[in-house]
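Novice: Next come a sequence and a model predicted from it.
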Amino acid sequence: MQFLIDKYKETHPDKRPDLSPDNIAGWAIEKGLWRPVPLTPREQLRRLITRCFRETYLIDPQGREVRASLPIMEEVMTEDGPKQRSRWFPIFSAPANVARASFSLRRKAALADVAQLQFDFMSWNENNIHRDKLDPMDYNFNKDLAELAESTEYMDDPLAEDGEEEDGDEGELV
């Protein structure tokens, strides 16, 4: 992919510094620089099923939208040799060791994203051509999580007591 991006930049020096993946893809296919690798029907379907597991959510008894299944990774032998593959467990019937492994896997992935974000942030702060500096990033998500846990249900009339609207003159100041 980097080869295609570099070639696109080389042949389009007039383009702004921001690049469109859509434009690069169209150009690379038009020039015959890329063609898809054929996948077996089984591999195509396996990928679609994995995406379905990853994107399927349900509402738990407390009203939270949660992923319906928990993944764990395991090494399996394929026609192309050993590969990491996922196994998925329904969230509420997954045993504790599976839940722990799944949550640990996702936490490590989140940490890797945050670490890369910090490296990118520090590098931009130290090397951007504008000589701008951004304030340090706060990676403590506790306040964000608390805010997300707040109710989003609001009363139609917050001034009415017990949800009942009072009879009386509207707009009268006391």
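Specialist: Received the coordinates, thanks. Numbering: from 1, shown residues only.
Novice: domains of this structure?
Specialist: 1-35, 39-94, 95-149 (automatic domain parsing).
Novice: Would you reformat those domains as a markdown table and include mean neighbour count and mean pLDDT?
Specialist: No exception for glycine: its C-beta is placed from N, CA and C like everyone else's. What follows is the domains of the chain, written out as a markdown table (neighbours: other CB atoms under 10 Å; pLDDT from 0 to 100):
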| stretch | mean neighbour count | mean pLDDT |
| --- | --- | --- |
| domain 1-35 | 11 | 92 |
| domain 39-94 | 12 | 96 |
| domain 95-149 | 11 | 96 |
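Novice: distance between stretch 15-24 and the chain's centre?
Specialist: Counting by CA atoms, centre = their mean, to the nearest Å, stretch 15-24 is centred 23 Å from the centre of its parent chain.
Novice: That one spans what distance, first to last residue?
Specialist: 11 Å (CA to CA, to the nearest Å).
Novice: How about residues contacting it?
Specialist: With CB atoms under 8 Å, 6 or more residues apart in numbering as the test, stretch 15-24 has contacts from 4-5, 8-9.
Novice: Kindly recompute the last result at 6 Å.
Specialist: With contact meaning CB atoms under 6 Å, 6 or more residues apart in numbering, stretch 15-24 is reached by Tyr8.
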